[in-house]
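1. give me a model of this one.
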Amino acid sequence: MSQSRTAERPALMLDCHNLTRIYQEGPQDITVLDDLELRVHAGERVAVVGSSGSGKTTLLNLLGGLDRPTSGEVLIAGEPLAGLNETALGRFRNRYIGFVYQFHHLLAEFTALENAALPLIVRGQRKKDAEARAMSLLERVGMQARAGHKPGELSGGERQRVAIARALVTDPSLVLMDEPTGNLDQATAANILAMMDELASESACAFVIVTHDIGLAAHQDRVLRLDEGRLVTQLV
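-> Residues are numbered from 1 along each chain as shown. Take a look at the predicted model:
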């Protein structure tokens with residue numbers, strides 16, 4: 001843990017109880033997550049590893065309110081997501097959560113700058129101010145020179161960096177990342193890690209990172225392995 005954090009136990013940012021997700025495939029029930037427990041404190045960085053198909057992306061979707069659990073609950077900053085309708089959930093995500101998707105999900109008709117600024121514009125911020133903030137994040141991820149380019153004109157790694165800037169532009173309390181460095185070169189990945197360290201230390205932003213990258217996982221405060229629907233401590 002960073003020395004800048006106080007000796008007091010930081011606030012609980014993410015709290016999951018008895019989280020279960022069951023999908024139906026024809027007559028068969030497929031249990032992906034089984035009575036899972038997870039708690040992440042403000043400023044803590046947690047990596048989740050596991051084999052392909054183990055349910056890591058399903059877990060992130062539940063934590064971000066993009067999917068609903070079959071049973072159990074997810075609380076973020078003390079707020080149970082189950083109590084929010086879709087409109088309120090959208091507002092809540094915009095205020096508290098940043099999400100880096102494995103496949104970017106950038107809007108093709110918008111430039112990198114417009115994509116990165118979009119969460120702030122949705123929030124109601126003036127476009128000029130939103131784009132100034134977005135540009136500062138694009139600079140931090142080394143994308144300022146490509147700010148006027150649309151996703152189709154960017155490489156996979158460049159699109160990933162724009163997605164990271166978009167996730168961080170609102171100063172979220174919790175950032176959920178699905179393979180955030182998968183398309184990045186070593187130097188850019190190191191820069192992203194340093195930025196995550198700063199955010200965790202300075203603003204107490206919490207991170208949950210799904211990854212196959214053992215080096216990235218080992219850099220976090222805790223590493224958990226998703227195994228048969230439950231999380232267990234992984235020694236890296």
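2. what sits up against the least confident helix or strand in the chain by mean pLDDT?
-> Ranking every helix and strand in the chain by mean pLDDT, DSSP states H and E puts helix 186-202 at the bottom, with a mean of 78. Residues outside helix 186-202 that contact it (CB atoms under 8 Å, 6 or more residues apart in numbering): 2, 4-5, 43-45, 140-142, 157, 161, 164, 168, 175, 180-181, 184, 205-207, 216, 219. From N, CA and C alone the C-beta is placed, and that goes for glycine too.
3. just those residues: which are in strands?
-> Secondary structure defined by DSSP state E assigns 45, 175, 206-207 of these to strands.
4. check what pLDDT Leu137 gets.
-> Looking at Leu137, its pLDDT reads 90.
5. how close does Gly64 get to Glu44?
-> 17 Å (CB to CB, to the nearest Å).
6. how much space separates the spatially most central residue of the chain from Lys128?
-> With distances taken as CA atoms, centre = their mean, Leu176 lies nearest the centre of the chain, 1.4 Å away. Using CB to CB, we find Leu176 at a distance of 29 Å from Lys128.
7. quick one: the helices in this protein, in order.
-> For the chain, the helices defined by DSSP state H occupy 56-63, 86-96, 112-123, 127-140, 156-168, 186-202, 214-218.
8. those: lowest mean pLDDT?
-> Of all these, mean pLDDT reaches its minimum on helix 186-202 (a mean of 78).
9. how far does it sit from its chain's centre?
-> 14 Å (CA atoms, centre = their mean, to the nearest Å).
10. would you confirm that Thr70 contacts Ile22?
-> Yes - between Thr70 and Ile22 there is a contact at 4.5 Å, judged by CB atoms under 8 Å.
11. need the outlier residue of this protein, farthest from its centre.
-> The chain, farthest from centre, CA atoms, centre = their mean: Pro27 at 33.5 Å.
12. rewinding a little: pull out the buried members of the contacts of helix 186-202.
-> 5, 43-45, 140-142, 161, 164, 168, 175, 180-181, 184, 205-207, 216, 219 (16 or more other CB atoms under 10 Å).
13. number of nearby residues for the closest residue to Asp34 other than its chain neighbours?
-> Among residues not flanking Asp34 along the chain, Gly229 sits closest, at 3.2 Å (CB to CB, 6 or more residues apart in numbering). By the measure other CB atoms under 10 Å, the count of residues near Gly229 is 19.
14. so how far is Leu176 from Gly229?
-> 19 Å.
15. ok, Leu168 next?
-> For Leu168 relative to Leu176 (CB to CB), the value is 12 Å.
16. shared neighbours, these two?
-> Common neighbours of Leu168 and Leu176 (CB under 8 Å, 6+ apart) are Gly98.
17. circling back to that earlier point, just put the helices of the chain in a markdown table and tack on distance to His17.
-> Listed next are the helices of the chain as a markdown table, based on distance: least, CB to CB, whole Å:
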| stretch | distance to His17 |
| --- | --- |
| helix 56-63 | 12 |
| helix 86-96 | 18 |
| helix 112-123 | 28 |
| helix 127-140 | 33 |
| helix 156-168 | 26 |
| helix 186-202 | 24 |
| helix 214-218 | 25 |
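18. quick one: closest of those to Ala11.
-> helix 86-96 (12.5 Å; CB to CB).
19. in that closest one, what counts as buried?
-> Result for helix 86-96 [16+ other CB under 10 Å]: buried residues 89, 92-96.
20. and that helix, how far from the chain's centre?
-> 15 Å.
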